[in-house]
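3D model of this:
(chains A and B)
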Amino acid sequence: MTIEGRAFVYGDNVNTDVIIPARYLTSPDPARLAEHCLEGLDPEFLKEREKGDIVVGGKNFGCGSSREHAPVALKAAGVACVVAKSFARIFYRNAINIGLPIVECAEAADGIKRGERVRIDLTEGEITNVTTKQSWGFAPLPQFAQEILAAGGLMKYAVAKKKGS
Amino acid sequence: MGSMTITEKILAAHCGKQSVEPGELIQARLDLLLANDITAPMAIAEFEKAGAKRVFDAQRLVLVPDHFTPNKDIESAEQCAVMRRFAQKHKIGHYFEVGEAGIEHALLPEQGLVVPGDAMIGADSHTCTYGALGAFATGVGSTDLAAAMISGETWFKVPESMKFIYKGRLGEWIGGKDLILMTIGDIGVDGATYRAMEFTGPVIRTLAMDDRLTMCNMAIEAGGKNGIIEPDEITREYVRHRAKRLPVYFTSDPDAHYAVVKEYDVSELEPQVAQPHLPENVCGVSEITTVTIDQSVIGSCTNGRISDLQIAARVLEGKRVAHFVRCIVIPGTWEIYREALHDGLIEIFLDAGCVVSPPTCGPCLGGHMGVLAKGERAIATTNRNFVGRMGHPESEVYLSGPAVAAASAVAGRIVHPEEVL
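Numbering: from 1, shown residues only, chains lettered A, B, ... in the order given. The predicted structure is shown next:
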């Protein structure tokens, strides 16, 4: 599975309150959540966002609340993958469960600037900064997690598996 | 069989193994599941999308409408309605309507729904609170919860454990909130990521249950998978008349392995405050000079229990909240509200010019019942001070225990409780 898109780059501790503030959690509708994604952190994101964008963060990305609305908002806003130095535990699980690819790679997080084009090969475990032609390797997600992502999330994966068996 | 920590023992007991090791992936049987009015609707949607017909055990799912309740607007009302209809349809054993509900993490231990030795998950990050009872409890998202609603199980990676030992004597006005803020200040907001935080030492052994719940509640603010305290006589006393199921008391082996051991002498600790915009920006209250406030919030799943209200009342008795400052007091549950009423605390709050709210998460997450305007600043006994957490992205939240929050309401700026007494 390969993804290519333009990077939006942020710092450490991008928490779920800035990804989607709680005042918008009155609706679980992904399209509605997408309209407010990252608005407190970076109002420009909402103006510039395109399908296939890649969000790059520092350490502890997704810390705070367990709200699954956070990865849902990012995915619905068009984000195709999040690259970060490290992820908070609940966000990490939620992202895989709802089918948002995530990559842990500190070197890549340091080597990508806003607006640069990035290509990510999730299966081989390689990130390429297409703009600067730099590349970094990372440990791909375990096979079952990749299968969940390919199916579009845990529930779709479970249903498909049940039908197959 | 190797030596194990309490976290490892509980997980081993729930996956049918003699022992487990950190890093091992296990499929664990769950004693209890929890969701609220924000996370349940999403879990219910996933549950139904998967074609599920029934909850694995309707007595083991707890649904608590507490975040935007009493319903703050039409959309929140719709979310609560989804949850209520689901509870009716599936005959959910523990659904708490407004009027009997309360803040979930104050309610579940109080009602004895979670007991020592449990392994449980909740679709709320502060589910880690219940570690104070000697249970393994951790927060998950709605999809993980939905899957567990069907199967009664979930997968875990067995976490490494960190041991935090507290020694010395706690000074006046110092409680569980100060200990956990100090600890997060030391290790940082990702200092315990993927790990169990086990709190122990002579200070913990004499610490009241309310303070233990506060400490475990904020394990997530250091990235912890769970917070946990070995059960002792204080635990047994707390659950004696509450537990709805049989408790199982686990303890850590003396030679259990810990990834990190931290030891603190807390005798000189002064009241702690976390400055904006991270719970790790911690300092002693004396280091804060002339920070004026617009609002003080005393409540939440972190500090909305009876002992928190008692401390706040001790500070506020016979005083007035500063002009142009709002002080909002939120008892965590109706049992706490009733006790505060009976003991005269509510009257002290009203005399001081506080607003007493029904139990709700409300302002903690900027939901309702005390949202901040642009440029406003609050001190709160809550758990997070991220950008925009309590309202406008340009508002600020300082975190503290109830003594400092109450004193600051009187002074109109952040102060040590002694300054207003």
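
which strand is the longest one in the chain?
Since no chain was named, I'll use chain A. strand A:2-9 (DSSP state E).

meant chain B actually
strand B:160-167.

For that strand, list the C-alpha coordinates in PDB.
Taking C-alpha atoms only, strand B:160-167 is exported to PDB below (Å, rounded to 0.1, in the frame of the first residue of the first chain):
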ATOM      1  CA  GLU B 160       6.000  -2.800  31.200                       C
ATOM      2  CA  SER B 161       5.500  -1.500  34.700                       C
ATOM      3  CA  MET B 162       7.000   1.600  36.300                       C
ATOM      4  CA  LYS B 163       7.100   1.900  40.000                       C
ATOM      5  CA  PHE B 164       6.700   5.200  41.800                       C
ATOM      6  CA  ILE B 165       7.500   5.200  45.500                       C
ATOM      7  CA  TYR B 166       6.400   8.100  47.700                       C
ATOM      8  CA  LYS B 167       8.100   8.600  51.000                       C
END
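
And that strand, what's buried?
Buried residues in strand B:160-167, defined by neighbour count with 16 or more other C-beta atoms under 10 Å in any protein chain shown: B:160, B:161, B:162, B:163, B:164, B:165, B:166. To be clear about C-beta, it is placed using only N, CA and C from the backbone, and glycine gets the same treatment.

Looking at the residues you listed, which is nearest chain A?
residue B:160 (12.4 Å; C-beta to the nearest C-beta).

Just grab the bridge partners of the closest one for me.
Beta-bridge pairing for residue B:160 (DSSP bridges): residue B:195.

ok, it touching residue B:22?
Yes: using C-beta atoms under 8 Å, residue B:160 makes contact with residue B:22 at a distance of 4.2 Å.

Identify the contacts common to these two.
residue B:259 (C-beta atoms under 8 Å, 6 or more residues apart in numbering or on different chains).

separation between residue B:365 and residue B:65?
Applying C-beta to C-beta, to the nearest Å, the value for residue B:365 to residue B:65 is 14 Å.

quick one: average pLDDT of stretch B:341-353?
Throughout stretch B:341-353, pLDDT has a mean value of 98.

Get me the contact residues on chain A for chain B.
A:13, A:15, A:17-18, A:21-23, A:25-28, A:39-41, A:59-60, A:63-69, A:86, A:88-90, A:93-94, A:97-98, A:153-155, A:158-159 (C-beta under 8 Å from any C-beta of the partner chain).

Show me which of those residues are buried.
Judged by 16+ other C-beta under 10 Å, buried ones among these: A:13, A:15, A:17-18, A:21-23, A:25-26, A:28, A:39-41, A:59-60, A:63-69, A:86, A:88-90, A:93-94, A:97-98, A:153-155, A:158.

Buried residues, the longest strand of chain A. List them.
Buried residues in strand A:2-9 (16+ other C-beta under 10 Å): A:3, A:5, A:6, A:7, A:8, A:9.

for stretch B:12-27, same thing?
For stretch B:12-27, a neighbour-count test (16+ other C-beta under 10 Å) marks B:12, B:13, B:14, B:15, B:20, B:22, B:26 as buried.

Which members of those residues are positioned in helices?
Judged by DSSP state H, the subset of the buried residues of stretch B:12-27 located in helices is B:12, B:13.

list the helices and strands the helix or strand hosting residue A:157 packs on?
For residue A:157, the element it lies in under DSSP states H and E is helix A:154-164. Applying 3 or more C-beta pairs under 8 Å, 6 or more residues apart in numbering or on different chains; DSSP states H and E, we find helix A:154-164 packed against helix A:89-98, helix A:143-151, helix B:39-49, helix B:142-151.

contacting residues around it?
By C-beta under 8 Å, 6+ apart, helix A:154-164 touches A:96-99, A:147-148, A:151, B:46, B:49-51, B:143-144, B:146-147.

now it: how far from the chain's centre is it?
For helix A:154-164, the separation from the chain centroid amounts to 22 Å (computed by C-alpha atoms, centre = their mean, to the nearest Å).

what's the angle from it to helix B:39-49?
Angle, helix A:154-164 to helix B:39-49, by axes from the mean of the first three to the mean of the last three C-alpha atoms, to 10 degrees: 20 degrees.

ok, back up a step: what is the nearest of the buried residues of strand B:160-167 to residue B:337?
residue B:166 (31.0 Å; C-beta to C-beta).

Please verify my assumption that the closest one contacts residue B:206.
No: counting by C-beta under 8 Å, residue B:166 sits too far from residue B:206 to count as a contact (10.2 Å).

Residue B:286: neighbour count?
11 (other C-beta atoms under 10 Å in any protein chain shown).

what sits against the closest residue in space to residue B:352 that isn't next to it in sequence?
Among residues not flanking residue B:352 along the chain, residue B:316 sits closest, at 4.3 Å (C-beta to C-beta, 6 or more residues apart in numbering or on different chains). By C-beta under 8 Å, 6+ apart, the residues touching residue B:316 are B:327, B:348, B:349, B:352, B:354, B:406, B:409, B:410.

so which of the residues you listed is the most crowded?
Within these, most neighbours by other C-beta under 10 Å means residue B:406, with 33 neighbours.

ok, it - contacts?
Counted by C-beta under 8 Å, 6+ apart, residue B:406 has contacts B:296, B:298, B:311, B:312, B:313, B:315, B:316, B:327, B:417.

how about 7 Å then?
Going by C-beta atoms under 7 Å, 6 or more residues apart in numbering or on different chains, residue B:406 touches B:298, B:312, B:315, B:316.

ok so, going back, contact partners of the longest strand of chain A?
Applying C-beta under 7 Å, 6+ apart, the contact partners of strand A:2-9 are A:45, A:50, A:52-56, A:80-81, A:101, A:112-122.

So residue B:264: helix, strand or coil?
Three-state assignment for residue B:264 (DSSP: H, G, I helix; E, B strand; the rest coil): strand.

For burial, what's the neighbour tally of residue A:161?
Neighbour count of residue A:161, defined by other C-beta under 10 Å: 11.

show me what contacts residue A:74?
A:19, A:37, A:55, A:82, A:100.

Just the CA coordinates for the helix or strand containing it, please, in PDB.
Assessed by DSSP H and E, residue A:74 sits inside helix A:69-76. Taking C-alpha atoms only, helix A:69-76 is exported to PDB below (Å, rounded to 0.1, in the frame of the first residue of the first chain):
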ATOM      1  CA  HIS A  69     -13.600  11.300  16.600                       C
ATOM      2  CA  ALA A  70      -9.900  12.500  16.400                       C
ATOM      3  CA  PRO A  71      -8.600  10.000  13.800                       C
ATOM      4  CA  VAL A  72     -12.100  10.000  12.200                       C
ATOM      5  CA  ALA A  73     -11.800  13.800  11.700                       C
ATOM      6  CA  LEU A  74      -8.400  13.500  10.200                       C
ATOM      7  CA  LYS A  75      -9.400  10.800   7.800                       C
ATOM      8  CA  ALA A  76     -12.600  12.500   6.800                       C
END
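
Hmm, residue B:23 and residue B:8 touching each other?
No: Residue B:8 is beyond contact range of residue B:23, at 11.1 Å (criterion: C-beta atoms under 7 Å).

which residues are common contacts for the two?
residue B:158.

Make sure residue B:367 is actually in contact with residue B:361.
Yes: here residue B:367 lies in contact with residue B:361, judged by C-beta under 7 Å, at a distance of 6.4 Å.

of those two, who's got more company?
Counted by other C-beta under 10 Å, residue B:367 and residue B:361 do not tie: residue B:361 has more neighbours, with 30 against 24.

How confident was the prediction at the closest residue to that one other than its chain neighbours?
Spatial nearest neighbour of residue B:361, chain neighbours left out: residue B:67 (4.5 Å); criterion: C-beta to C-beta, 6+ apart. With respect to pLDDT, residue B:67 scores 98.
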